[in-house]
Structure formats: C-alpha cells, structure tokens
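Asker: quick one, structure for this:
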Amino acid sequence: MTAAQRVIPLLTTLALLIFCTLMALYPAETWHASVRGLAIWWDVLFPSLFPFLVLSELLLGFGIVHFLGTLLNPLMRPLFRVPGSGGFVFAVSCASGYPTGAKLTAQLWEQKLVTREEGERLVAFTTSSDPIFMIGAVSVGFFHDTSIAPILVASHYAAAVLVGMLMRFHGRSDASTATPPAAQEEHRSRFMRAIYAMHEARQADGRTLGELLRHAVSSSLRLIIIVGGLVVFFSVIMELMVQTGWLGVLYNLTEQGLHLAALPPSLSHSLVGGLFEVTLGAKEAGAVSVPLVFKVAAASFVLSWGGLSVHAQIMSVLSSTPMRYGPFLLARAIHAAIAPLLVVLLWPLLMSSMASPTFVNDAFIPPSAYSPEWKRIGITGISVFSSVLFLMVCLAWIGSKLMIKRGKK
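Answerer: Numbers count the residues shown, from 1 in each chain. As a prediction, the model looks like this:
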C-alpha cells in the first residue's frame, strides 16, 4: 500500500468528522440548506430526469440501442471512437441532462457493448445539462432574459461535441473492437441490419413489458434518490463552508485570478459556487452586476463543469464498472474551458440585437418561483432527443455512403 493510499482515507475521515462537528454547531443553517437542496431536487431534477430515465430503460430493453448502434456506427466510430450505440446515449443525455449519460454508459458496459476506454470516452462528452434547465431555470428563472437561451444551449452542446472529438485520443487504439457485419449480411442495407440487430437483442432480453416497466421504474427511482441525496449533501457542505468563512479564501483567490485575466472580479461568487453546485453557481451568475456577455460565459462555465455534486453522482453511477474518474475529470475541465470561449465567439452572431428581459407586466420573477411544467419538459425533451437523433442518423448515412465509395476506389 502506497503512502497516498494510507493518507487519503485518513484525511477523508478527518474531513467528515469536521463536517459532523460543524453540523452540530450550526443546526439551523444545516436544516435550511437541506431544505434548499431538497427543493432543487423536487422542483427541478425529479420532474426533468425521472421520465427520461424510465424511457431510456424501456428503450434499452426493446433493443433500440442495437438498432441505433448499427445505424450510427459510421458516425460515432470515426468522430469519437465509440460504438454507434453511443449516439443513443448522446441524444438521451442532451434531452435529459446529467447523470443519464453515465447511467446508460454503465448499462452498455454491463451488456458488453463498450469497453472500459470506450465507456470513459462516452461519459466524457455525454455528461451535459438539459435544455429545460438551461432555458427554464437559468435563462428565465435566474437571468430573466430568454434571449440568452440560444447562445447558452449552442455553446454548451457544441463544446460537448468538441470534447468528444478531443477525447477520442484517450486510450490505446481499439480498432479491433469494431464489429463489421457478417459476410452473409453484407448484402443487406444498413437499415435492415439495424432491424435484425434490434430483433435479436429483444429476443435475448426476453422480459415482458410488465417486467421491463417494473425494472425501469425501480432502477430509475434508486438513481434519482441517490441524485437527490447528493444534492442535499453538497448544499449542506456549501452552507457550512459559508458559515465558517472557508469560502472567503476561495473567493479572494478567484478574484485575484480574474483580475489578472482582466475579467470582472465580482464573478468569483458564481465560479466558486458553481465549483460545488450547478444551481448555486448559475443563480449567482444571473445576479451579479457585470456586462451580460460575462454573466452568460460564467453560467456556461458552471453548466459545463457540473459542480462537485454532479461529479459525485457520476462517480456513484460508475462505481459498479471499471471506468475511471480521471478521464471524466479531464473532460469536465476541457468542457468548462471551451464553453465560455464559444459564448464570446458566438456572441456577435447570436446576440446582435438585445432582446427585452422576461418580465410579466414589469414584475420581478424571483428565481425560487421557477417550477418546471411536465408538459414543457416532455415536449422540449422529446424535441431535442428527436432532433439530435435525426441529425446523427443523417450524418451516419452520409458517412456510410462515403465509406462505400472509398471502398470501391
């Protein structure tokens, strides 16, 4: 056992004992922080995540992953070095947000559809926020300005694609893991091969619709409860750090770094808050008095980093697999660096004319008033999922045609 392996558990135990002591010293603040975290989970995360978690489980059981894996392989392999089934994971994660991508990737690994390194690449760029949160909570609830929604969404997902293309260089070459069609199936079209793959996967699964639904609901509930517990836990940790003044040191260091970079030092509260929890960081970004482009860039940074709360969620989901946390951490850092830059680059194109803030009869809408509607969640999520999936299928079809032409030459 190395020195680090001996010291890290001791330091972790010491930190936990310190936080237990602080919870006893600040009981009222701990309770209020727990209630805030629980409200975030119930009002935002539960309604936006749970339907898509159940749906994705059902689709996995019906073999849709094998169907899309066959269709999207010409796109996903060259670009991201992951199987075509990763296209399904990316589409669902864009619609439902973190940690859905990690959950689906873990299931692909359990079904032996991805290797460890392919799973690490896949989790790296499929961990993203959902459009409901970016449009409803951030743009409307925190910024009170719907005009920033397009640039926030575009920069976030474009940066995710770029992260996927960069992470394709992670790990050793695994060209041998690609599964070419069998000789007797080469005469079939790719679409027919996808249909046969889905049918065989459904037969291999063998569960009835009732069994699939029961398992989908139970497993999704387990995951959503874990997510809620981690959100409440980090909300309490943040509050205790505020009460003890430990965050003041981080604020000062961040302000100095922003000052050296010629950026508004007042963004430090948003960046430090977002380091721990996405919602807190995005809320602080909307409240600070700086030019709007810097506020949106700070929110983009927070959404891309994900916060330690999301990191803990991903680690808990991947704990049953051999996939490592290090590549995911690197990908989050790259995503958090690229997304704000894209905001600045896209600002002249998408924000040429400033739209009016989202006020109703000039009445102020407090961030706490945001409560997502199931109808809006369903429509927006399904639209994003369908659009991303349709685009990827079209690109895969074009890629397969180009590969056929290249093979004939």
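
Asker: use CA for all of it now, contacts and neighbours both
Answerer: OK.

Asker: from the contact counts, what lies against the helix or strand containing residue 347?
Answerer: Per DSSP states H and E: residue 347 is located in helix 325-350. Here helix 325-350 touches helix 116-126, helix 149-167, helix 292-305, going by 3 or more C-alpha pairs under 8 Å, 6 or more residues apart in numbering; DSSP states H and E.

Asker: export those helices to a markdown table and tack on mean neighbour count?
Answerer: Shown next, in a markdown table, are those (neighbours: other C-alpha atoms under 10 Å):
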| stretch | mean neighbour count |
| --- | --- |
| helix 116-126 | 26 |
| helix 149-167 | 21 |
| helix 292-305 | 25 |
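
Asker: low-confidence ranges in the chain?
Answerer: The chain contains residues with pLDDT under 70 at 1-5, 173-188, 352-390, 392-393, 395-397, 399-409.

Asker: sorry, back to before: the helix holding residue 347 to helix 292-305, inter-axis angle?
Answerer: 150 degrees (axes from the mean of the first three to the mean of the last three C-alpha atoms, to 10 degrees).

Asker: may I see the buried residues of helix 325-350?
Answerer: In terms of neighbour count (16 or more other C-alpha atoms under 10 Å), helix 325-350 has its buried residues at 325, 327-328, 331-344, 346-347.

Asker: wait, a helix at residue 321?
Answerer: No. Checked against DSSP: H, G, I helix; E, B strand; the rest coil, residue 321 lies outside a helix; its state is coil.

Asker: element containing the residue nearest to it when sequence neighbours are not counted?
Answerer: Leaving aside its chain neighbours, residue 321 sits nearest to residue 106 (6.6 Å; criterion: C-alpha to C-alpha, 6 or more residues apart in numbering). For residue 106, the host element (DSSP H and E) is helix 100-110.

Asker: and the residue nearest to residue 165 when sequence neighbours are not counted, how many neighbours?
Answerer: In this structure, residue 165 finds its nearest non-sequential neighbour in residue 80, 5.3 Å apart by C-alpha to C-alpha, 6+ apart. Close neighbours of residue 80, defined as other C-alpha atoms under 10 Å, add up to 24.

Asker: again with residue 230
Answerer: Residue 230 has 22 neighbours, counted by other C-alpha under 10 Å.

Asker: so how far is residue 256 from the closest residue to it other than its chain neighbours?
Answerer: If the residues on either side of it in the chain are set aside, residue 230 comes closest to residue 309, at 6.1 Å by C-alpha to C-alpha, 6+ apart. Using C-alpha to C-alpha, to the nearest Å, we find residue 309 at a distance of 25 Å from residue 256.

Asker: show me what contacts residue 339?
Answerer: Taking C-alpha atoms under 8 Å, 6 or more residues apart in numbering, we find residue 339 in contact with 155, 156, 158, 159, 297, 300, 301, 304.

Asker: same thing but at 7 Å, please
Answerer: 155, 156, 159, 300, 301, 304 (C-alpha atoms under 7 Å, 6 or more residues apart in numbering).

Asker: for residue 335, same thing?
Answerer: Counting by C-alpha under 7 Å, 6+ apart, residue 335 makes contact with 159, 160, 163, 304, 305.

Asker: try 6 Å this time
Answerer: Residue 335 sits next to 159, 304 when contact means C-alpha atoms under 6 Å, 6 or more residues apart in numbering.

Asker: just residue 84 next, same as before
Answerer: Residue 84 sits next to 69, 72, 73, 76 when contact means C-alpha under 6 Å, 6+ apart.

Asker: in terms of helix, strand or coil, where does it fall?
Answerer: Quick answer, by three-state DSSP: residue 84 is coil.

Asker: ok, now how distant is it from residue 323?
Answerer: Distance, residue 84 to residue 323, by C-alpha to C-alpha: 19 Å.

Asker: please apply the same query to residue 50.
Answerer: For residue 50, the distance to residue 323 - C-alpha to C-alpha - is 24 Å.

Asker: which of the two has more residues huddled nearby?
Answerer: residue 323 (22 against 18).

Asker: setting aside sequence neighbours, what's the nearest residue to that one?
Answerer: Nearest one to residue 323, counting by C-alpha to C-alpha, 6+ apart, is residue 116 at 5.5 Å.

Asker: and that neighbour, how far is that from residue 64?
Answerer: Taken as C-alpha to C-alpha, the span from residue 116 to residue 64 is 22 Å.

Asker: now swap in residue 279 and tell me
Answerer: Taken as C-alpha to C-alpha, the span from residue 279 to residue 64 is 33 Å.

Asker: what of residue 14?
Answerer: For residue 14, the distance to residue 64 - C-alpha to C-alpha - is 47 Å.

Asker: looking at these two, which has the bigger crowd around it?
Answerer: residue 64 (22 against 12).
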